[in-house]
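Asks: Kindly return the folded structure for what I paste below:
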Amino acid sequence: MRALMAEGGQAELAFGLDPGSVARLARGTAVRVHTVTMPRTTTLKLDAAHPYLRDPAVRRALSLALDRRGIATAILRDPSLAAGQLFPPVLAGWHDAGLAPLAWDPSAARALLAAAGWQPGRDGVLQRGDARFALTLRTFPDRPELPVIATAIQEQWRQVGIAVRVAIGNSGDIPLGHRDGSLEIGLMSRNYGVVPDAYGTVAQDFAGNGGEGGDWGAMHWSSPDVAQALAALPATVDADAARRLRQTVAATLQQALPLIPVVWYRQTLAASPHLHGVSIDPFERTYRLTDLEWAR
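Replies: Here you go, the predicted structure:
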């Protein structure tokens with residue numbers, strides 16, 4: 001609807017367009033399409049206390065079963081947006097180029113699940129004793145790509161024996177499910193650049209709070225290494241020491257996977273050709289309306 005309104009002249013600015021609409025609008029002349037890479041990551045938020053998900057090896061198996069490049073190519077139309085780690089390259093100081101990127105290896109995923117005691121049942125869904133590996137994934141349509149990505153994840157996990165029910169509701173369902181303990185998996189989009197340094201967001205999401213984490217961060221998971229690094233960062237003035245602390249956080253999250261990164265994000269904007277001075281703030285703090293002028 002946003003794309004159609006921009007194309008039809010009913011809106012001069014339209015943000016947050018789905019990738020299919022962006023590709024279509026870029027081929028025409030009705031609007032000018034603007035894009036910018038953002039410090040935002042689409043992730044899977046897991047209940048790390050869930051009996052199926054508390055084992056880090058199982059969380060690694062779920063990660064290995066994801067074809068991120070395929071999702072980024074088919075849905076976002078840009079394979080470079082496949083998330084090799086939680087923090088995207090635009091987050092200087094937090095993105096660690098030395099980390100081995102998260103890989104796609106369904107065979108390794110099946111092996112890890114088998115080692116954890118999960119074996120295929122008659123219907124192909126993994127079983128362990130009387131337990132059936134079936135979970136509910138919640139997401140929301142505020143960002144139009146999320147339900148489509150959820151469907152792709154549902155199929156990719158089905159191929160390794162995990163049954164997933166996708167429930168599409170409101171964005172508030174994920175923090176509410178975190179608080180009442182009903183959330184199993186949530187697919188969400190998290191902006192780590194609300195302020196120029198991601199520390200505030202990262203500390204809120206992973207600093208601890210008895211393992212609870214933040215509404216959009218880790219659920220029932222904590223790490224002494226992460227907590228100590230985040231506690232030390234505000235008082236660390238040496239740049240190299242601060243970089244090592246951030247690397248500790250990034251590496252621990254990469255190993256433990258309390259959140260599983262899926263894709264990084266680009267903000268898109270369709271703007272009327274009658275406007276000059278249009279640009280996008282990558283930190284989403286302003287629409288920069290005072291920079292706009294009507295074309296003469």
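
Asks: burial count for residue 244?
Replies: 12 (other Cβ atoms under 10 Å). Where you see a C-beta, it was placed from the backbone N, CA and C, and this is true even at glycine.

Asks: Might you calculate how far whichever helix or strand it is part of sits from the centre of the chain?
Replies: Per DSSP states H and E: residue 244 is located in helix 239-256. Taking Cα atoms, centre = their mean, to the nearest Å, one finds helix 239-256 lying 19 Å from the centre of the chain it belongs to.

Asks: Give me the buried positions along the following helix or strand past it.
Replies: Counting by DSSP H and E, the next helix or strand C-terminal to helix 239-256 is strand 259-271. Under the neighbour-count criterion of 16 or more other Cβ atoms under 10 Å, strand 259-271 has 259-271 buried.

Asks: how far off helix 239-256 does strand 259-271 point, in degrees?
Replies: With axes from the mean of the first three to the mean of the last three Cα atoms, to 10 degrees as the basis, strand 259-271 and helix 239-256 are set at 110 degrees to each other.

Asks: Can you list the strands that the helix or strand that strand 259-271 is followed by pairs with?
Replies: Remark: after strand 259-271, the chain's next helix or strand is strand 275-276, criterion DSSP H and E. Sheet pairing of strand 275-276 (DSSP bridges) gives strand 293-294 (antiparallel).

Asks: Can you pull out the residues in contact with the partner strand?
Replies: 274, 275, 276, 277 (Cβ atoms under 8 Å, 6 or more residues apart in numbering).

Asks: same deal with stretch 200-218?
Replies: By Cβ under 8 Å, 6+ apart, stretch 200-218 touches 45, 48, 94, 174-175, 178-179, 188, 190-195, 219-223, 226-227, 230-231, 233, 249, 253, 258-259.

Asks: re earlier: and the helix holding residue 244, what does it pack against?
Replies: The contact analysis (3 or more Cβ pairs under 8 Å, 6 or more residues apart in numbering; DSSP states H and E) places helix 239-256 against helix 56-64, helix 199-206, helix 224-232.

Asks: out of those, which comes closest to residue 32?
Replies: Judged by Cβ to Cβ, the one of the helices and strands packed on helix 239-256 that comes nearest to residue 32 is helix 199-206, at 31.1 Å.

Asks: okay, the angle between the closest one and helix 239-256?
Replies: Going by the same axes, to 10 degrees, helix 199-206 makes 30 degrees with helix 239-256.

Asks: List the buried residues in helix 199-206.
Replies: Buried residues in helix 199-206 (16+ other Cβ under 10 Å): 199, 201, 202, 203, 204, 205, 206.

Asks: so what's residue 75 up against?
Replies: Residue 75 makes contact with 19, 145, 148, 149, 152, 263, according to Cβ under 8 Å, 6+ apart.

Asks: mind redoing it with 10 Å?
Replies: By Cβ atoms under 10 Å, 6 or more residues apart in numbering, the contact list for residue 75 reads 18, 19, 20, 81, 145, 146, 148, 149, 151, 152, 263.

Asks: Out of the residues you listed, who's the most crowded?
Replies: residue 263 (26 neighbours).

Asks: and the gap between it and residue 131?
Replies: 30 Å (Cβ to Cβ, to the nearest Å).

Asks: list the contacts for the residue nearest to residue 49 when sequence neighbours are not counted?
Replies: Nearest residue to residue 49, sequence neighbours excluded (Cβ to Cβ, 6 or more residues apart in numbering): residue 220, at 3.5 Å. By Cβ under 10 Å, 6+ apart, the contact list for residue 220 reads 46-50, 53-54, 178, 181, 183, 210-213, 258.

Asks: What subset of those residues is buried?
Replies: 46, 47, 48, 50, 53, 178, 183, 213, 258.

Asks: can you count the residues close to residue 69?
Replies: With other Cβ under 10 Å as criterion, residue 69 counts 15.

Asks: quick one, what contacts it?
Replies: Residues near residue 69 by Cβ under 10 Å, 6+ apart: 79, 80, 81, 82, 84, 104, 263.

Asks: Against residue 6, how distant is it?
Replies: Counting by Cβ to Cβ - residue 69 and residue 6 are separated by 30 Å.

Asks: Same check on residue 187?
Replies: 26 Å.

Asks: One more: residue 143?
Replies: From residue 143 to residue 6 the distance is 17 Å (Cβ to Cβ).
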